[in-house]
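Novice: Got a sequence here, can you build the structure:
(one chain, ligands or ions: 2)
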Amino acid sequence: MCREGIILSNIIASQEIHERYGGVVPELASRAHIQHIVPVVDAALKAAGCTIEDINAVAFTRSPGLIGSLLVGSQFAKSLALSLDIPLIAVHHMQAHVLANLIDDPKPSFPFLCLTISGGHTQIVLCRSPLNMEVIGETIDDAAGEAFDKTAKLLGLPYPGGPLIDQRAAHGNPARFSFPEPQIPGLNFSFSGLKTSILYFLQEQKARDPEFIEKNLADICASVQERIVTILLRKLKKAAQQTGIKNICIAGGVSANRGLRRSFEVLGSREQWNVFIPRFEYCTDNAAMIAIAGYYKFLAGDFAPLTVSASARAEW
Ligand code: KG4
Ligand code: ZN
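Specialist: Ligands and ions are numbered 1, 2, ... in the order given. Okay, the predicted model is just below:
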């Protein structure tokens, strides 16, 4: 729930089901959405001290994502809009991640750059105004979150492994093992070569010592994290140099990573950037970022018809 750009409540139903299956099973995710949606909306109203009649617009995630889950949210939002006779607002998931930086003060002024890093996307976004954004760099294969999650899987850690690598890395030596940095032109990223090199490295080491992973887990996590962070920040620095923009943000699930947050701040002070990092709970997927995106669309009168449909694809 959001009132005039202020977040009143941010209720999230976590889906432990994915951990049991080592990844997201789309059908199970949509069924869990159906079970959770009414209690979550109810809890959000209560936490905000509001009733359903207080709502004067409803925002939902239209794209991109798993179509089953998007359909549950979009149908629910449409029903609410229709029954309360209020505007319906369609939000783009990746744009909402960027706008999470506009929730708390101090807010970045425009234009700003945002490194948006999630489980499915890795983008450098040039944001000229809340509703005017352009992707100026993105991954050509895996996303940064996938690099974390796939590495975690190779290390025998449960899904999603990003936060677990972050925890282990805090006790490890990032300089212990060295992984290659891909040479990708321009502002694009690649993480698939890193994944392959980690796979071969672990196979080789385990052939020598079957307990290699257990004995060196913290150092492996710290070294992999260090490489992912340097890949991300090198391109962000290049984007800042090319555009001359000094207001720089990060967003998305991977921006919760403590190693990245620290290195980003260090780089920012060296480059004399104004850096912005959302609070932890606004980095990984959350309701507040959809609400804040909805708020800016509301101000612009950017409403969706009831015929709007959810879309799995990422077009803006
Ligand atoms: O934005 P998000 O919550 O969902 C998507 O839109 O995909 O991002 C999820 C991704 C997962 O890959 C997860 O492992 C990663 O963010 N992640 C992290 C951390 N917290 C979440 N990766 C590294 N360190 C973290 N602390
Ligand atoms: Zn996300």
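
Novice: Spatially central residue for the protein, please.
Specialist: When the chain is reduced to its mean C-alpha position, the closest residue under Cα atoms, centre = their mean turns out to be Gly252, at 2.2 Å.

Novice: Return the set of buried residues in the helix or strand of the chain with the lowest mean pLDDT.
Specialist: Every helix and strand of the chain was ranked by mean pLDDT, DSSP states H and E. The lowest is helix 17-21, at a mean of 82. Across helix 17-21, burial judged by 16 or more other Cβ atoms under 10 Å covers His18. Glycine gets a C-beta too; all of them are placed from N, C-alpha and C.

Novice: packing partners for it?
Specialist: Counting contacts by 3 or more Cβ pairs under 8 Å, 6 or more residues apart in numbering; DSSP states H and E, helix 17-21 packs against helix 26-48.

Novice: quick one: is the next helix or strand after the helix it packs on near ligand 2?
Specialist: Elements were assigned by DSSP states H and E; along the chain past helix 26-48, the next helix or strand is strand 58-63. No: applying Cβ under 5 Å from the ion, one finds strand 58-63 out of contact with ligand 2, separated by at least 9.2 Å.

Novice: Where is the longest helix in the protein?
Specialist: helix 212-243 (DSSP state H).

Novice: Quick check: chain neighbours aside, which residue is closest to whichever residue of the stretch 201-316 of the chain sits closest to ligand 1?
Specialist: Of the stretch 201-316 of the chain, the residue with the smallest distance to ligand 1, taken as Cβ to the nearest ligand atom, is Gly253 at 2.0 Å. Residue nearest to Gly253 in three dimensions, not counting chain neighbours: Thr284, with 4.4 Å by Cβ to Cβ, 6 or more residues apart in numbering.

Novice: from what I can see that neighbour touches Asn257, true?
Specialist: No: Thr284 sits out of contact with Asn257 when judged by Cβ atoms under 8 Å, with a separation of 10.5 Å.

Novice: Give me the more crowded residue out of those two.
Specialist: Using other Cβ atoms under 10 Å as the criterion, Thr284 and Asn257 rank with Asn257 on top: 26 against 22.

Novice: tell me the contacts of the more buried one?
Specialist: Phe148, Gly162, Asp166, Gln225, Val229 (Cβ atoms under 8 Å, 6 or more residues apart in numbering).

Novice: repeat for Gln15
Specialist: Taking Cβ under 8 Å, 6+ apart as the definition of contact, the neighbours of Gln15 are Leu28, Ala29, Ala32.

Novice: tell me which element it is part of?
Specialist: Using DSSP H and E, Gln15 falls outside every helix and strand.

Novice: Against Pro64, how distant is it?
Specialist: 18 Å (Cβ to Cβ, to the nearest Å).

Novice: if you go through the stretch 201-316 of the chain in chain order, where are the strands?
Specialist: Per DSSP state E, counting those that start in this stretch, the stretch 201-316 of the chain has strands spanning 247-251, 274-276. These are given in chain order.
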